[in-house]
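> Sequence below, structure please.
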Amino acid sequence: TGWRDWNIDETNDQDILGESDFLNFSGAEATAKQVTQEIRLAGLVNESVTYVAGLFYFDEEQTADGGNSINIALAHPLFGDVLNFRNRAVRTVDTRHFSAFGEVTWDITDRFSLVLGARYTDEKKEAELDYTVFAVNPDFGFNTLGFVGGSISGAQTVDDTDLSGRIIVRFALTDEINTYLTWSQGYKGAGIDVTTGIRAGNIAPGDGLPVVEPEVPTLIELGVKGVFLDDTLSINTAIYHQTVEDYQRINGNQDDSFTQNLGIDEVESLGFEADISYLTPIEGLTLSAALSYIDVTYEKYVQQPAAEGTNLAFIPEKSASVIGSYRFDLGDSGWRGFTRLEYSWQDEKNTTGGVIPNPRFDIDSYGLLNLRVGVTSPSEKYSLKFSVENALDEDYVHYVGSSIYGLFDGTTNIQYLDQDRFYRFTMEAKL
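Just a heads-up that it's a prediction; the model follows:
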């Protein structure tokens, strides 16, 4: 059983320039009330067949009231007109979700097993939007210069059902090497667009607010897991292919001047993952490494054919990490110490808000080194830890986007740098 009651009243300087009054207020007061309940039953049919079955219920009510405010009516130097508007959006989204699920595992032989699972989902969403745009200064003409749509209101109800599931075949080649092949299909319920980026033209008479179709991912994965060298070396690898029909995302247009919810017809992913762990002959020293490759592309997008074949933003193609950990006794005191070195690297990526990658928002690859040392008491109730994060003091960007002024000149960006080198000291006590 779960219950959650959440609220926030936020404001921020959306032009992200402290000395500018162009767009220095953007905020909303939002609430979310959520109740969940799950009942699960697991057991044995016989020595070779096990099962799990259950019911799940989810109910959530969300409200938000907020908008943007321009403190001055600004004469635009390029358009020769006056940018003079404020906006406010009042939104509600209610979701009711029920599902029933079950899965059976059959150990056909000592080396061969089969897993069959299914989930039935019934979900209903109801949403309303009341969006108004009005002049900041009544002495000037009202003009948004197309950056936001006009005042609109609308409502929508979506009621949908789905049957999803998975099949897993497992086969042990030897006592040390296991393989598996998985097919699975998931489901993410339909969405209703209540973003302020929608335009009146998106609301057809009698049809209500725009609907984003349910998202359906289908995955095929082949993996091999093995232990070697007297169980001191473990290697896990997997290759996978996934297609997502009606991929849901919040999309910015090419210069990020507005956002809206979209359903991309089909997104395709092809990837490889591997991780290795080695207990070295040196007592207490463990080495591990991980490698990932993923290529995610828009396979089909009728609304923007130019996007087909391009990569999704925010996803680096390659990433890797290496960890070295050493644990040791501190004499005969019973206390134990440890040292740990962590290095992670990720490939370049793009953080375009729109569908088609914009080179303005490219981010270079970077690597980070973290160092940690500590001691733990014999009872493991007390510990002291010291760490150096970003030990090489790497300057790196994790996000690049368009400044509000980029809407005018097409070049002004904002970028967020992550933390420089910093130190952390932690004391822990368990009751």
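> State the phi and psi torsions of Arg360.
For Arg360, the backbone dihedrals (degrees, to the nearest 10) come out as phi -60, psi -30.
> mind listing what it touches?
352, 400, 402, 411, 413 (CB atoms under 8 Å, 6 or more residues apart in numbering). Where C-beta positions appear, they are placed from N, C-alpha and C, glycine not excepted.
> Would you check how far apart the spatially closest residue to the fourth one that is not a sequence neighbour and Tyr396 are?
Sequence neighbours aside, Arg360 is the residue nearest to Thr411 in space, at 7.3 Å (criterion: CB to CB, 6 or more residues apart in numbering). Arg360 is 18 Å from Tyr396, where distance means CB to CB, to the nearest Å.
> What of Gly410?
Distance from Gly410 to Tyr396, by CB to CB: 25 Å.
> more neighbours, these two?
Neighbour count, other CB atoms under 10 Å: between Gly410 and Tyr396, Tyr396 has more, with 16 against 12.
> Settle this for me: the more buried one is touching Asp418, isn't it.
Yes - here Tyr396 lies in contact with Asp418, judged by CB atoms under 8 Å, at a distance of 5.9 Å.
> And the buried ones among the contacts of Arg360, selectable in ChimeraX?
With 16 or more other CB atoms under 10 Å as the criterion, this ChimeraX line picks the buried residues out of those:
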select :352,400,402
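> of all the contacts of Arg360, which two lie farthest apart?
Within the contacts of Arg360, Thr352 and Thr411 form the most distant pair, 14.7 Å apart (CB to CB).
> Just the pLDDT at the residue nearest to Tyr366 when sequence neighbours are not counted, thanks.
Counting by CB to CB, 6+ apart, Tyr366 lies nearest to Tyr396, which is 3.9 Å off, once chain neighbours are set aside. Looking at Tyr396, its pLDDT stands at 92.
> now swap in Asp275 and tell me
In this model, Asp275 is scored at 97, pLDDT.
> Nearest residue to it in space, please, no chain neighbours.
Once flanking residues are discounted, Asp275 sits nearest to Ala290: 4.3 Å by CB to CB, 6+ apart.
> can you count the residues close to that neighbour?
Neighbour count for Ala290, taken as other CB under 10 Å: 16.
> Show me the shaky parts of this protein.
Within the chain, the ranges that satisfy pLDDT under 70 run 13-25, 69-85, 136-150, 196-207, 251-261, 404-409.
> okay, now the residue nearest to Phe314 when sequence neighbours are not counted: neighbour count?
Excluding the flanking residues, the one nearest Phe314 by CB to CB, 6+ apart is Thr351, at 5.8 Å. Neighbourhood size, Thr351 [other CB under 10 Å]: 19.
> And Thr351, how close does it get to Glu268?
When distance is defined by CB to CB, Thr351 is 21 Å away from Glu268.
> Am I right that Val224 is in a helix?
No - counting by DSSP: H, G, I helix; E, B strand; the rest coil, Val224 falls outside a helix, being strand.
> ok now do it, which residues does it touch?
177-179, 235-238.
> ok, now Ala32?
Contact partners of Ala32, counting by CB under 8 Å, 6+ apart, are 4-7, 60-63.
> Going through these, which ones are buried?
Neighbour counting by 16+ other CB under 10 Å classes 60, 62-63 among these as buried.
> So what touches stretch 307-321?
Defining contact as CB under 8 Å, 6+ apart, one finds that stretch 307-321 is touched by 267, 289-301, 342-353, 355-357, 361, 365.
> Okay, and which of those map to strands?
Counted as lying in strands by DSSP state E, out of those, are 267, 289-300, 342-346, 349-350.
> Do a quick rundown of the helices in the protein.
Applying DSSP state H to the chain gives helices spanning 406-409.
> Next one: the residue lying farthest from the centre of it from Thr376, what distance?
Distance to the chain centre peaks in the chain at Asp332, reaching 47.0 Å (criterion: CA atoms, centre = their mean). From Asp332 across to Thr376, the span is 15 Å (CB to CB).
> go on, Trp106?
43 Å.
> likewise Phe228?
Counting by CB to CB, the gap from Phe228 to Thr376 is 30 Å.
> Looking at these two, which is more packed in?
Legend: neighbour count by other CB under 10 Å for Phe228 and Thr376, higher for Thr376 (19 against 12).
> Might one say that that one is in contact with Ser383?
Yes - using CB under 8 Å, Thr376 makes contact with Ser383 at a distance of 4.5 Å.
> any common contacting residues for those two?
Where contact means CB under 8 Å, 6+ apart, no residue is in contact with each of Thr376 and Ser383.
> What is the neighbour count of the residue nearest to Glu428 when sequence neighbours are not counted?
Nearest-residue entry for Glu428: Ser383, 4.7 Å, with adjacent residues in sequence omitted and distances by CB to CB, 6+ apart. Neighbours of Ser383 under the rule other CB under 10 Å: 17.
> who's the spatially closest residue to Gly102 that is not a sequence neighbour bridged to?
Leaving aside its sequence neighbours, Gly102 sits nearest to Ala53 (CB to CB, 6+ apart; 4.0 Å). In this entry, Ala53 is beta-bridged to Leu41, Gly102, by DSSP bridges.
> Ala53 is in contact with Arg40, isn't it?
Yes - the pair Ala53 / Arg40 is scored as a contact, 7.4 Å apart, by CB under 8 Å.
> And those two? Which one has more around it.
Neighbours were counted for Ala53 and for Arg40 using other CB under 10 Å; Ala53 has more, 15 against 10.
> Could you list the buried residues of stretch 154-161?
For stretch 154-161, a neighbour-count test (16+ other CB under 10 Å) marks 154, 156, 158 as buried.
> Okay, and which of the residues you listed map to strands?
Judged by DSSP E, those include 154, 156, 158 as members of strands.
> The last one touches Asp122, doesn't it?
In other words, Val158. No - at 11.9 Å, Val158 does not count as touching Asp122 under the criterion of CB under 8 Å.
> what residues are shared contacts of those two?
Common neighbours of Val158 and Asp122 are not found (criterion: CB under 8 Å, 6+ apart).
> ok, back up a step: Provide a list of residues in contact with the residue nearest to Tyr366.
Each residue near Tyr396 by CB under 8 Å, 6+ apart is listed here: 364, 366, 368, 417-418.
> ok, now how distant is it from Ile315?
According to CB to CB, Tyr396 stands 17 Å off from Ile315.
> Okay then, goodbye and thanks.
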